[in-house]
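# what follows is a predicted protein model with its sequence.
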Amino acid sequence: MNATASHPTPPVPSGGFFTQLRRSTAFLPLVGLVAISVFMIVATDNFLSWGNLQNIALQSSINAIIAVGMTAAILTGGIDLSVGAVVALSGTLASGMMVQFGLPPMLAVPLGLAVGVVIGLFNGYCVAYLRMPPIIVTLATMGIARGIALIYTGGYPIDGLPESFAFLGGGVLAGIKVPILIMLATYLVAYVLLNMAPFGRYVYAIGGNEEATRLSGVRVSRYKLLVYALSGLTAAIAGIVQAARVTSGQPGVGVGFELDAIAAVVMGGTSIAGGRGAIVGTLVGALLLGVLNNGLNMIGVSPYLQLIIKGGIVLLAIFISREAKR
């Protein structure tokens, strides 16, 4: 049986550009981003300055990179709670390789990324082949990865990283900060995978109807394994960038990052039940969170009140996503 023709694929809307945009799951998040940006422009003096806009993108980059893998996991109907701990473990391991063993960044960085992939493969194996609930598996590996990071470092940051490594977190190319460029490159690759490759069709199909996809001949377990490997990889990329930004491998970093990533995905229009969403929407959702954080700080809103505001916006996003699906 021809698997690619027998299971649902992401809809390809017809019509012009604006018609397609309006039908996209990223449309409402984009409207929200524009509306909040307009409000911040009116309420503050220098929101539109190049420095502030680049700062928003820079502050959003870590969460946005993590949210790429989280999007794939949620599209399949799963979730990955281990990403914050993977950020810490990959960053501390790569830092330790450079400081304690003298490895150059070109060798230490791939090792840090490999750790994220291994944890993702473990998560994927447990979810896909052992049929364990994703939330339980990734909650467990969250604790395991965090514990390994703390044991490896003794609970202390690893400092003294080389300047060539710090370039990944603070360097500038063509007037743009390197973490922003890494974020954009990650989304470009993810867009190709999810929209132009069989991998993306299968991811959407699994989230839409896993049993029908399996009966159509698709190796569902294999693609779930790859999805969690991707989530581990993007979390590790974020961990490397985070360590480079602060020029330190910190075992305590990443607490709560998984919640921010989930918020970005949901606010970007991806259905928490799976099968519906867009990677572009996730980027919009991450930037929306960044604009909120930046704008509320500029206005002088209390950090405690900011938590309430952002929580309310996430609930609203879930409600709108549910109504749109109906």
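The structure has been received and is ready for your questions.

# which helix or strand contains the most centrally placed residue in the chain?
In the chain, the residue lying closest to the centroid (C-alpha atoms, centre = their mean) is residue 67, at 1.3 Å. Using DSSP states H and E, residue 67 sits in helix 50-75.

# tell me what that helix is packed against?
helix 83-99, strand 176-177, helix 178-196, helix 198-208, helix 220-246, helix 257-267, helix 279-299 (3 or more C-beta pairs under 8 Å, 6 or more residues apart in numbering; DSSP states H and E). Heads up, the C-betas are built off the backbone N, CA and C, glycines and all.

# rerun at 7 Å
The contact analysis (3 or more C-beta pairs under 7 Å, 6 or more residues apart in numbering; DSSP states H and E) places helix 50-75 against helix 83-99, helix 178-196, helix 198-208, helix 220-246, helix 257-267, helix 279-299.

# ok, residue 126 - contacts?
132, 137 (C-beta atoms under 7 Å, 6 or more residues apart in numbering).

# please read off the pLDDT at it from the model.
The model reports residue 126 with a pLDDT of 98.

# for the remainder of this discussion, apply numbering that starts at 393.
Shifting the count to begin at 393 puts that one at residue 518.

# just the angle between the helix or strand hosting it and helix 475-491, please?
Taking DSSP H and E as the definition, residue 518 sits inside helix 497-520. In terms of direction (axes from the mean of the first three to the mean of the last three C-alpha atoms, to 10 degrees), helix 497-520 departs from helix 475-491 by 150 degrees.

# give the buried residues for helix 497-520.
497, 500-501, 503-509, 511-520 (16 or more other C-beta atoms under 10 Å).

# cool, and stretch 474-493?
For stretch 474-493, by 16+ other C-beta under 10 Å, it's 474-491.

# which residues does residue 605 contact?
Residue 605 neighbours (C-beta under 7 Å, 6+ apart): 399, 594, 597-598, 612.

# please apply the same query to residue 468.
When contacts are counted by C-beta under 7 Å, 6+ apart, residue 468 touches 595, 598-599, 616, 619, 666.

# circling back: so who does the residue nearest to the centre of the chain touch?
Residues near residue 459 by C-beta under 7 Å, 6+ apart: 653, 656-657, 674, 678.
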